[in-house]
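Colleague: I need the structure of the sequence given here:
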Amino acid sequence: MSGRKEGVVFVGSFRESFPKDNRRHVVFVGRSNVGKSSLINMLVGRKVARVSKEPGRTRAINFFLWNDELYLVDVPGYGYAKVSGEERERWKLMMEKYFTQCKEKIQWVFLLIDSKVGPIPLDRSMIEFLSSLNIPYVFVLTKEDKADQKEKEKTIKELSLLSKAPIVITSAKEGKGKKELLKFLKVE
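Modeller: Numbers count the residues shown, from 1 in each chain. Here you go, the predicted structure:
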């Protein structure tokens, strides 16, 4: 026995003083209601992240420790969450602090894009931000089951014009894309 703990545990919600150990981070980023929590739950095979119908429920940076080796990091969504401008500014500063303090530990950012909607201006800003910090990212198209072929093709074309980042098509509802994403995490 290796002594390694199997499974996923919720470590906590942080606004600062993020975990300081040397474990790798895989960060889930995207607009509010794009499916970050659903994707985390699909990847780990059980409900660990709280899924909400209401945009903007994630108010801090949530850390989940997977197999005692890496953190799955769920950050607040951007976009149409019903919060004050003051709260939105606090989120922005918290996110900037996290990414600058932890960038050496970030293995990947999964930048979630709704297959049906495609990239929004805030997604473009996130691409620029991640690029400025030299943080590697993967486009993760979510809700594939809700988009028709034409919508998916349009989204893929738009993303390929924005960046050379890999694209993985997923559906948390159907479990699609799980195997492809796990390859990025280097976990079984």
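
Colleague: how near is residue 143 to residue 182?
Modeller: Residue 143 sits 19 Å away from residue 182, going by Cβ to Cβ, to the nearest Å. From N, CA and C alone the C-beta is placed, and that goes for glycine too.

Colleague: now do residue 9
Modeller: 18 Å.

Colleague: again with residue 45
Modeller: According to Cβ to Cβ, residue 45 and residue 182 sit 11 Å apart.

Colleague: And for residue 132?
Modeller: If you go by Cβ to Cβ, the gap between residue 132 and residue 182 works out to 28 Å.

Colleague: neighbour count winner among the two?
Modeller: Per other Cβ atoms under 10 Å, whichever of residue 132 and residue 182 has more neighbours is residue 182, with 12 against 9.

Colleague: And the more buried one, what's its pLDDT?
Modeller: Note for residue 182: predicted pLDDT of 94.

Colleague: what's the answer for residue 186, then?
Modeller: For residue 186, the pLDDT comes out at 78.

Colleague: before we move on, what about residue 31?
Modeller: 89.

Colleague: Is residue 63 in contact with residue 11, as I believe?
Modeller: Yes - using Cβ atoms under 8 Å, residue 63 makes contact with residue 11 at a distance of 4.1 Å.

Colleague: Now tell me which helix or strand of the chain has the poorest mean pLDDT.
Modeller: helix 85-102 (a mean of 84; mean pLDDT, DSSP states H and E).

Colleague: So which residues make contact with it?
Modeller: Applying Cβ atoms under 8 Å, 6 or more residues apart in numbering, the contact partners of helix 85-102 are 14-16, 18, 25, 59-61, 73, 75-76, 78, 81, 83, 106, 129-130, 133, 135.
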